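Chemist: Turn this into a model:
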Amino acid sequence: MGQFLLLESASNTLLEQSAGSLAGRVIHHELTPFSLDEVGQNNLQVLWLRGGFPDSFLAKTDRVSLVWHEEFILHLSAM
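Modeler: Below is the predicted model:
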């Protein structure tokens, strides 16, 4: 029924351009990381060690989660 464009992240400039282009409605919805209520008390240690970002929290191993964190930090430092 509708058309959706879901972005992992978007700059403020991109959001402003989309809203001003008359391309349709644009909604900016910021998602927060997983909370303890979402993952359950039995996953407290995993949430504490890996954080609440889905790719890190749901990684198959702690090593894969660590690699995700390293890449995330590198991406942020490159901005």
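
Chemist: Give me the nearest residue to residue 52, chain neighbours excluded.
Modeler: In space, and not counting its chain neighbours, residue 52 is closest to residue 33: 2.8 Å by CB to CB, 6 or more residues apart in numbering. Every residue, glycine included, has its C-beta placed from N, CA and C.

Chemist: Confirm for me that the one you found is in contact with residue 53.
Modeler: Yes. Shown here, residue 33 and residue 53 form a contact pair, counting by CB atoms under 8 Å, at 5.3 Å.

Chemist: Please identify which of these two sits among more neighbours.
Modeler: residue 53 (17 against 12; other CB atoms under 10 Å).

Chemist: Give me the phi and psi for that one.
Modeler: The phi/psi pair for residue 53 (degrees, to the nearest 10) reads phi -70, psi 130.

Chemist: Give me the contact list for the helix or strand encompassing residue 44.
Modeler: Per DSSP states H and E, residue 44 falls inside helix 44-50. Helix 44-50 has contacts (CB atoms under 8 Å, 6 or more residues apart in numbering) with 34, 36, 39, 56, 57, 59, 62, 65.

Chemist: isn't the last one right next to residue 59, touching?
Modeler: Yes. Between residue 65 and residue 59 there is a contact at 4.0 Å, judged by CB under 8 Å.

Chemist: Now the longest helix seen in the chain: average pLDDT?
Modeler: In the chain, assigned by DSSP state H, the helix with the most residues is helix 62-78. What helix 62-78 shows for mean pLDDT is 92.

Chemist: Fine by me, thanks again.
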